[in-house]
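In: Predicted model and sequence below, questions to follow.
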Amino acid sequence: MPQASTAARTRWTNWAGNQSTVPGRVVTPGSAEELAKEILRAADRSETVKAVGSGHSFTAIASAGNGVLVRPHGLTAVRGIDHGNGTVTVEAGLPLHRLNRLLAAAGLSLTNMGDIDVQTVAGATSTGTHGTGRDSGSLAAQIRGLEIVLADGSVRHCSPTEHPELFEAARLGLGALGVITALTLAVEPAFLLTAHEQPMRFDEVLHRLDDLTAVNEHFEFYWFPHTDRCATKRNNRSQGPAAPLPRFKEWLEDDFLSNTVWEGACRVGRRFPASVPTIAALASRAWSDRSYTDTAHRVFTSPRKVRFVEMEYAVPRASVGEVLRELRALVERSRWRISFPVEVRFAPADEVWLSTAHGRDTAYIAVHLYRGTEEQGYFTAVERLMTEHGGRPHWGKLHTRDAEYLAGVYPRFAEFTALRDELDPDRRFGNDYLRRVLGA
């Protein structure tokens with residue numbers, strides 16, 4: 001079993017390179033009990049404690065400041081698979097891509113996923129990672145139980161029937177209530193998905209949106225700013241047989257063109273902004289009709305190697321057409337040069353306290369900038385538009401909202417912060433980001 005260890009002070013930087021910190025100590029516990037000892041040790045020294053996953057959040061949610069940074073590498077075991085109840089229990093630091101392979105070997109699958117699989121299980125769930133789905137929600141909505149170490153060093157197990165209030169808060173808890181060490185997730189028999197990708201005009205997508213989201217289990221699309229073109233993707237369950245993309249075609253289109261060539265195009269656009277509309281027009285025409293059938297997690301996820309920063313807001317599903325038309329008008333009347341497409345996904349309402357889909361059918365609108373690109377007011381204006389429509393920012397993506405605003409868009413916000421006051425009155429798990437979004 002891995003043992004807790006303390007490393008010399010080294011700089012931690014997130015995937016995008018826009019957040020970094022030099023923590024006072026770095027620890028890698030191998031069990032909940034070892035972690036509890038580290039938390040109590042930190043309390044004796046008046047240090048804060050923050051757990052970090054793969055660093056795929058764009059915000060400073062995992063920043064440890066000068067405190068203790070908990071690395072996930074010692075907590076990656078699969079504790080058990082229960083075929084009868086349709087669950088798997090894994091430790092918090094297990095990366096999603098490893099979980100997918102383990103589940104596939106057992107003939108099982110997660111019901112839904114986001115579009116990348118490099119995050120740790122706890123990092124993905126604690127920040128609200130989601131995919132797109134007519135009937136299936138975020139990863140946090142698939143949690144059936146969890147193990148968490150609290151500020152007093154106690155190890156708490158919770159579920160809908162055991163400490164249910166803590167369960168509802170902690171399955172998307174932002175790391176504010178304690179450090180999660182294990183999760184029980186709902187799983188189901190492995191299934192195939194058929195993906196159908198098709199280019200469409202912007203107005204056609206919005207005109208057909210109700211039908212596209214109702215008929216398809218998973219629908220999403222990308223709009224290329226400075227054009228009227230979109231790339232759409234429909235994923236639906238299939239009885240098979242599997243018909244995956246040929247390996248060379250998959251490498252050419254999903255790796256070489258979507259990553260290597262796209263990286264080069266983004267660099268040109270950053271160096272010569274006037275070229276961006278031409279690049280966008282060419283990129284939008286590179287998408288063509290294609291269909292394939294493969295294992296679910298291989299269809300849900302794709303490699304993402306081009307580094308960027310991102311803002312994403314969740315708006316009421318009923319408002320998405322209006323919001324997107326206003327966004328297009330913003331781009332058209334501005335001098336911005338936006339090389340990255342706008343991503344639009346969907347999720348059903350859920351009851352997770354701090355879920356961006358809590359209590360309402362939701363559309364997600366994500367905007368991106370290539371790393372090093374001058375912001376020029378793009379994110380600021382997009383955020384103003386989203387908040388005018390009651391938008392909720394993704395907890396792990398860039399935004400400027402504070403506790404006052406967030407209390408107005410989350411019905412259970414006050415209950416969450418009250419539980420935080422009870423469990424962590426000394427803010428052992430606090431940092432600057434949490435002080436802004438949750439209050440002091």
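Out: Cool, got the structure. Source: prediction; values computed, not measured.
In: who touches the helix or strand hosting residue 124?
Out: Taking DSSP states H and E as the definition, one finds residue 124 inside helix 121-126. Helix 121-126 is contacted from outside by 51-54, 56-57, 62, 72, 90-96, 99, 114, 138-140, 143, 171-175, 180, 183, 185, using Cβ atoms under 8 Å, 6 or more residues apart in numbering. Every C-beta, even on glycine, is put in place using the N, C-alpha and C of the backbone.
In: of the residues you listed, buried ones?
Out: 51-54, 56-57, 62, 72, 90-96, 99, 114, 138-140, 143, 171-175, 180, 183, 185 (16 or more other Cβ atoms under 10 Å).
In: you'd agree residue 219 is in a strand?
Out: Yes. Applying DSSP: H, G, I helix; E, B strand; the rest coil, one finds residue 219 inside a strand.
In: what's the distance between it and residue 34?
Out: Distance, residue 219 to residue 34, using Cβ to Cβ, to the nearest Å: 44 Å.
In: Ok, residue 122 next?
Out: 16 Å.
In: Who has more neighbours out of these two?
Out: Shown here are residue 122 and residue 34; by other Cβ atoms under 10 Å, residue 122 has more neighbours (26 against 21).
In: Check that one and give its pLDDT.
Out: Looking at residue 122, its pLDDT stands at 97.
In: Could you do residue 285 as well?
Out: Value for residue 285, per-residue pLDDT: 81.
In: And for residue 8?
Out: On the pLDDT scale, residue 8 is placed at 55.
In: Check residue 389 too.
Out: pLDDT, read off for residue 389, is 98.
In: neighbours around it, how many?
Out: 17.
In: got the contact list for the most centrally placed residue in the chain?
Out: Of all residues in the chain, the one closest to the mean position by Cα atoms, centre = their mean is residue 129, 2.8 Å from it. Going by Cβ under 8 Å, 6+ apart, residue 129 touches 114, 119, 138, 139, 140, 396.
In: Now flag whichever of those is closest to residue 351.
Out: residue 140 (10.7 Å; Cβ to Cβ).
In: measure that closest one to residue 365 for me?
Out: On the measure of Cβ to Cβ, residue 140 and residue 365 end up 20 Å apart.
In: now swap in residue 22 and tell me
Out: Distance from residue 22 to residue 365, by Cβ to Cβ: 35 Å.
In: In terms of neighbours, single out the busier of these two.
Out: Between residue 22 and residue 365, counted using other Cβ under 10 Å, the more crowded position is residue 365 (23 against 13).
In: I'd guess that one is in a strand, am I close?
Out: Yes. The assignment for residue 365 (three-state DSSP) places it in a strand.
In: ok, it - contacts?
Out: By Cβ under 8 Å, 6+ apart, the neighbours of residue 365 are 312, 313, 315, 320, 323, 324, 327, 342, 343, 344, 386.
In: Among those, which are located in strands?
Out: Among these, the ones falling in strands (DSSP state E) are 312, 313, 315, 342, 343, 344.
In: Surely the fourth one touches residue 327?
Out: Yes. At 6.9 Å, residue 342 and residue 327 qualify as touching, with contact defined as Cβ atoms under 8 Å.
In: The residue nearest to residue 318 when sequence neighbours are not counted: neighbour count?
Out: Distance criterion Cβ to Cβ, 6 or more residues apart in numbering; nearest residue to residue 318, sequence neighbours excluded, is residue 361 at 7.6 Å. Residues near residue 361, counting by other Cβ under 10 Å, number 16.
In: right, and residue 361 touches residue 317 too?
Out: Yes. Using Cβ under 8 Å, residue 361 is in contact with residue 317, at 3.9 Å.
In: joint contacts of the two?
Out: In contact with both residue 361 and residue 317: residue 346, using Cβ under 8 Å, 6+ apart.
In: Now the phi/psi pair for residue 231, please.
Out: phi -110, psi 120 (degrees, to the nearest 10).
In: For it, give its distance to residue 424.
Out: 44 Å.
In: hang on, the earlier thing: would you mind giving the secondary structure of the residue nearest to the centre of the chain?
Out: Under three-state DSSP, residue 129 comes out as coil.
In: For residue 221, give its distance to residue 179.
Out: 37 Å.
In: wait, what's in contact with residue 344?
Out: 220, 221, 222, 223, 320, 324, 363, 364, 365, 366.
In: for residue 438, same thing?
Out: Residue 438 makes contact with 174, 176, 403, 406, 416, 417, 420 under the criterion Cβ under 8 Å, 6+ apart.
In: try 7 Å this time
Out: 176, 403, 417, 420 (Cβ atoms under 7 Å, 6 or more residues apart in numbering).
In: coming back round to it: check the average confidence over the next helix or strand after the helix holding residue 124, would you?
Out: Using DSSP H and E, the next helix or strand after helix 121-126 towards the C-terminus is strand 143-149. Averaged across strand 143-149, pLDDT comes to 98.
In: do the same with stretch 335-343
Out: 94.
In: For stretch 163-176, what is the distance to the chain centroid?
Out: Stretch 163-176 has its C-alpha centroid displaced from the chain centroid by 17 Å (Cα atoms, centre = their mean, to the nearest Å).
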